[in-house]
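Enquirer: Got a predicted structure here, sequence first:
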Amino acid sequence: MLTETIADLTSSSTIAVTYTITATITTIVLLIALHINNIRRSTSKGPLPPGPKPRYLIGNALEIPFLNASRRYLEWATEFGSSLVYLEALGNKILILNSYEDAEELLESRTRIYCDRPVVHTLDMLGWDYNFALYPYGEQWRAHRRVSHQALKPEATHKYHPIQLKKVHNMMLGLLDTPERFWEHSKMLSISLPLTTMYGYEVQSLDDPAVLAADKGAEIGQRIFAPGGSLVNVFPVLKHVPWTWTQRLAKESRRLAAEMKRIPLEGLLKDMANGTATPSMVGEFMERKQTVGASEEEERLVINVANTVYGAAAGTTMSAINSTLYLLVTHPHVQLFAQAEIDRVFGTPRLPTFDDRGSLPYVEAIYREVMRLYPPLPLALPHKTVEDDWYKGYFIPKGTNVSGNIWAMNRDVKRYPEPDTFKPERFINIDGSLNKDDKITAYGFGRRGCIGKHVASDMLWLTTATLLACFSARKKRDSQGNEIDVDHGYKEEGFVLLKAPIECDITPRSEVWKALVEGTKDEGYAY
Ligand code: HEM
């Protein structure tokens, strides 16, 4: 007993000593590296773009915003009179592009230089090494992007139309039953669509184990990725130190990531064995594997893509749908105008289909304007330069993390007068047709731009058109008949822009529209 206790004490004191030595060496190495970096900064190959003055050694580490970052960067752009804003934090170089022209030139025309991603040191610890959206530029990223391109290219997206129609109709049925739970219906649609298209997996409720695993995993990821969230982000060597807070969370995250893969895959294999599988990307691959064979590497790629898509699609889609409802409720005249367009084009009531997209320019303009005003990822995802570059007389060092500030570029008063006002008509010509401003910056830029943008665009358009056709959404009224204002809050935490839930009345436009929605129950109501 005594020997065991002594052995325990000895091993814990050995660990403590190892930990202290590692931490001390790391700190010294880092201080030297930061000092060298400081010297290099002042002897760089040209002036760096303007930005807040860096402090000795730590640079702008104390100024990097975590909450509402895109707005803070726009303020700096105004303060320094420059669309380019440059910061440095603990050796990390950061460039923010606040104008569309800069993003177009650097991230699109010079995409070869700007197509890398910053290294995320906690990626493998978290079990997120499947997520190719965060991969550095290189062969692994290219292989994953090729697989996803096959599944998500414009010519392939019509495959998903029947399932998108069914899921949107399911959401409308949910709104008939429990309109006050709009936020849950929107989450259900945003989550169930990628799981169905990738695995043929039908989510039954928001308590589905695959959904819970993904939700909890994303929450842990947010905590660890957040600035100051984990010291491993700053001192990668700490990855190897056991029994830390990060290690404990990372272990749980790895378990959840494994569950996220296992649950839908097992469901798919069972459905295939029973002959009940619905078409899906992983399902198609598994069939090919069973008939003509496929390597383990090919299987790894396909499963990685399926899980990346799930993570990339759910939060972004939900953000856009929630903004759509908020903007329609707060702009009733826009709703009425769109409904008049739908009634005029349809003649008699019927549910919208994808074939209607070209005939409803005002509905299209609403989609464009929602994405302009509230881009779901206001700073997109950071790119990284693979070599030195020069632009507008400034030097942009190799290894700089470059973010396109979509929030700021969409508020450029020269391109969009009254930029904070929701005005779908800014996309409409005098003759009622759509103008040529169809580049939706919300999907990002260049080679790293959103690969799912065609699927996302179809989904968001259909949801907007069907919601407008079937329902009216209005502010609630108090007992005196006065309108109750909605919560106008937004929170930009980490990468995603989140709309605070609003309370409103969502009612069918008439008994005819209600009957049309009810008629979709035959398609199969999943929740
Ligand atoms: C409203 C919906 C969506 C928005 C606003 C959105 C936006 C974005 C943005 C801004 C990026 C980063 C682009 C950059 O680095 O310049 C991105 C990347 C990505 N998106 Fe989306 N996205 C949406 C939906 C989807 C969907 C539905 C899918 C899949 C079906 C998807 C898959 C991806 C993937 C895989 C990447 C990483 C691309 C890479 O690094 O190569 N996204 N998205």
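Expert: Nice, thanks for sending it over.
Enquirer: For the rest of this, base every contact and every neighbour count on C-alpha atoms.
Expert: Noted.
Enquirer: what's around the nearest residue to residue 151 once chain neighbours are set aside, how many residues?
Expert: Spatially, and ignoring its direct neighbours in sequence, residue 151 is nearest to residue 281 (6.8 Å; C-alpha to C-alpha, 6 or more residues apart in numbering). Residues near residue 281, counting by other C-alpha atoms under 10 Å, number 21.
Enquirer: Could you pull up the residues touching whichever residue of the stretch 1-150 of the chain sits closest to the ligand?
Expert: Across the stretch 1-150 of the chain, the shortest distance to the ligand (C-alpha to the nearest ligand atom) belongs to residue 133, at 3.6 Å. By C-alpha atoms under 8 Å, 6 or more residues apart in numbering, the contact list for residue 133 reads residue 308.
Enquirer: Any regions of the protein where pLDDT drops low?
Expert: Regions of the chain meeting the criterion pLDDT under 70 cover residues 1-44, 226-229, 524-527.
Enquirer: just the strands in it please.
Expert: Taking DSSP state E, the strands of the chain run over residues 84-89, 92-97, 383-384, 389-391, 394-396, 401-404, 471-475, 490-493, 496-499, 504-508.
Enquirer: Of all the residues in the last one, which ones are buried?
Expert: Taking 16 or more other C-alpha atoms under 10 Å as the neighbour-count basis, strand 504-508 is seen to contain the buried residues 504, 506, 508.
Enquirer: what's the closest non-adjacent residue to residue 206?
Expert: Per C-alpha to C-alpha, 6+ apart, closest to residue 206 is residue 188, 6.6 Å.
Enquirer: Could you pull up the contacting residues of the residue nearest in space to the middle of the chain?
Expert: Centroid check for the chain by C-alpha atoms, centre = their mean gives residue 316 as the closest residue, at 4.1 Å. Residues near residue 316 by C-alpha under 8 Å, 6+ apart: 376-377, 496.
Enquirer: and residue 51, backbone torsions?
Expert: phi 180, psi 180 (degrees, to the nearest 10).
Enquirer: Now for it, how many residues are close by?
Expert: 21.
Enquirer: And for residue 391?
Expert: For residue 391, the neighbour count with other C-alpha under 10 Å is 13.
Enquirer: Equivalent analysis for residue 47, please.
Expert: For residue 47, using other C-alpha under 10 Å, the count is 14.
Enquirer: What of the one 10 residues further on?
Expert: Other residues near residue 57 come to 21 when the count uses other C-alpha under 10 Å.
Enquirer: quick one: it and residue 50, what's the gap?
Expert: Separation of residue 57 from residue 50 (C-alpha to C-alpha, to the nearest Å): 18 Å.
Enquirer: Repeat that for residue 513.
Expert: In terms of C-alpha to C-alpha, residue 513 sits 56 Å off from residue 50.
Enquirer: hang on, the earlier thing: which of the strands of the chain sits closest to residue 357?
Expert: Closest of these to residue 357 is strand 471-475, at 18.5 Å (criterion: C-alpha to C-alpha).
Enquirer: and that closest one, what other elements does it pack with?
Expert: Where contact means 3 or more C-alpha pairs under 8 Å, 6 or more residues apart in numbering; DSSP states H and E, strand 471-475 is packed against helix 296-330, strand 504-508.
Enquirer: winner for burial among those?
Expert: helix 296-330 (a mean of 20; mean count of other C-alpha atoms under 10 Å).
Enquirer: Just want the angle from that helix to strand 471-475.
Expert: 60 degrees (axes from the mean of the first three to the mean of the last three C-alpha atoms, to 10 degrees).
Enquirer: near the ligand at all, helix 296-330?
Expert: Yes. Helix 296-330 is in contact with the ligand by C-alpha under 6 Å from any ligand atom, via 308-309, 312-313, 316-317, 320.
Enquirer: And stretch 475-494, by the same measure?
Expert: No. Using C-alpha under 6 Å from any ligand atom, we find that stretch 475-494 stays clear of the ligand, coming within 13.1 Å at best.
Enquirer: Same question for that stretch: list its buried residues.
Expert: 475-476, 486, 492, 494.
Enquirer: what do you get for stretch 117-131?
Expert: Applying 16+ other C-alpha under 10 Å to stretch 117-131 flags 117-118, 121-123, 125-131 as buried.
Enquirer: okay if I get the residues you listed as CSV plus distance to residue 500?
Expert: Listed next are those as CSV, based on distance: C-alpha to C-alpha, whole Å:
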residue, distance to residue 500
117, 30
118, 30
121, 31
122, 29
123, 29
125, 32
126, 28
127, 30
128, 28
129, 31
130, 30
131, 28
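Enquirer: so which of the residues you listed are also by the ligand?
Expert: Among those, the ligand is touched by none when using C-alpha under 6 Å from any ligand atom.
Enquirer: What is the nearest of the residues you listed to residue 138?
Expert: residue 117 (10.3 Å).
Enquirer: show me the residues around the closest one that make contact.
Expert: 134-137, 382-384, 401.
Enquirer: try residue 86
Expert: Taking C-alpha under 8 Å, 6+ apart as the test, what residue 86 contacts is 48-52, 93-96.
Enquirer: Considering these, which possesses the most neighbours?
Expert: residue 96 (26 neighbours).
Enquirer: doesn't residue 88 make contact with that one?
Expert: No. If you go by C-alpha atoms under 8 Å, residue 96 and residue 88 don't touch, sitting 11.4 Å apart.
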